[in-house]
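Engineer: Next one to model:
(2 chains)
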Amino acid sequence: DTAVSQTPKYLVTQMGNDKSIKCEQNLGHDTMYWYKQDSKKFLKIMFSYNNKELIINETVPNRFSPKSPDKAHLNLHINSLELGDSAVYFCASSQRRAGGPDTQYFGPGTRLTVL
Amino acid sequence: SQQGEEDPQALSIQEGENATMNCSYKTSINNLQWYRQNSGRGLVHLILIRSNEREKHSGRLRVTLDTSKKSSSLLITASRAADTASYFCATDYRGGSEKLVFGKGTKLTVNP
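Structural biologist: Numbering: from 1, shown residues only, chains lettered A, B, ... in the order given. Alright, predicted model coming up:
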């Protein structure tokens, strides 16, 4: 069984379009994340939700809007896609605990290509 | 920048040799984690070491942490071709938000 799954795996779209990426985890974790990995493999956090509440919101254009319908799902909607949005987007989950972030479990990634 | 910095950026060794990767960071941390990423895949957690720990082992992996030097090392012993991957350190900063800050990674190639 896949612990953290994302759909789609590949997404190719034109500039200006709106697209969504979905993420689901079956680990029973209460915290989920979106990361962006650029072409140089640099991984940067975008958002984090804990029990459907936004707890981390990095400096991300407001064209990116996360939505967490329940603690097992975290979706990412991107409006007016730009060339610079091309990257691999990873979803991850963990269990929140005192003393800092715990082990994070990553999905397989969604490779977004904006033409 | 708060991010960790791994070195070397790339490392190529023969099967059976040991591989050592280093990570340096800038401010006090709660924990430091190491992750592996195979080409085209998501990251996989390897080891978490807490700021009050100095060394941790898991199978062929050995991680050390020196908080006075703000550095950590990951040693893979008796490497295998299947260890070929990128390795990232990730830190969470004491007093910071609940996020992991990843380094740029070390690309390890183990030649058969």
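
Engineer: Which residues are in contact with residue B:54?
Structural biologist: Contact partners of residue B:54, counting by CB atoms under 8 Å, 6 or more residues apart in numbering or on different chains, are B:64-66. Every C-beta, even on glycine, is put in place using the N, C-alpha and C of the backbone.

Engineer: Try it again at 6 Å.
Structural biologist: For residue B:54, no contacting residues are found, by CB atoms under 6 Å, 6 or more residues apart in numbering or on different chains.

Engineer: what does stretch A:73-81 rub up against?
Structural biologist: Contacts for stretch A:73-81 (CB under 6 Å, 6+ apart): A:13, A:15-24, A:32, A:34, A:49, A:63-68, A:114.

Engineer: now do 7 Å
Structural biologist: Here stretch A:73-81 makes contact (CB atoms under 7 Å, 6 or more residues apart in numbering or on different chains) with A:13, A:15-24, A:32, A:34, A:49, A:63-68, A:85, A:89, A:91, A:114.

Engineer: and what of stretch A:53-68?
Structural biologist: For stretch A:53-68, the external contacting residues (CB under 7 Å, 6+ apart) are A:32, A:34, A:45-49, A:52, A:74-80, B:97-99.

Engineer: What residues sit buried inside it?
Structural biologist: A:56, A:64, A:66, A:68 (16 or more other CB atoms under 10 Å in any protein chain shown).

Engineer: before we move on, what about stretch A:22-40?
Structural biologist: Buried positions in stretch A:22-40, judged by neighbour count with 16+ other CB under 10 Å: A:22-25, A:29-37.

Engineer: mind checking the end-to-end distance for it?
Structural biologist: When the termini of stretch A:22-40 are compared using CA to CA, to the nearest Å, they are 24 Å apart.

Engineer: who's in contact with it?
Structural biologist: Applying CB under 7 Å, 6+ apart, the set of residues contacting stretch A:22-40 is A:1, A:3-7, A:43-51, A:66, A:68, A:71-76, A:87-96, A:104-105, A:107.

Engineer: Next: stretch A:10-20.
Structural biologist: By CB under 7 Å, 6+ apart, stretch A:10-20 touches A:75-83, A:110-115.

Engineer: Same question for stretch B:66-82.
Structural biologist: Outside stretch B:66-82, the residues that touch it by CB under 7 Å, 6+ apart are B:13, B:15-26, B:32, B:34, B:49, B:51, B:60-65, B:83, B:87, B:89, B:110, B:112.

Engineer: Please state the offset of it from the chain centre?
Structural biologist: When C-alpha coordinates are averaged (CA atoms, centre = their mean, to the nearest Å), stretch B:66-82 and its chain have centres 6 Å apart.

Engineer: ok, now stretch A:72-89?
Structural biologist: On the basis of CA atoms, centre = their mean, stretch A:72-89 sits 8 Å off its chain's mean C-alpha point.

Engineer: thinking again about what came up before, just the buried ones among the contacts of stretch A:53-68, please.
Structural biologist: Neighbour-count burial within the contacts of stretch A:53-68 applies to A:32, A:34, A:45-49, A:74-76, A:78, B:98-99; the criterion is 16+ other CB under 10 Å.

Engineer: Hmm, which of the residues you listed is lowest in pLDDT?
Structural biologist: Lowest in pLDDT among those is residue B:98, which has 72.

Engineer: which residues touch it?
Structural biologist: A:48, A:55-56, A:101.
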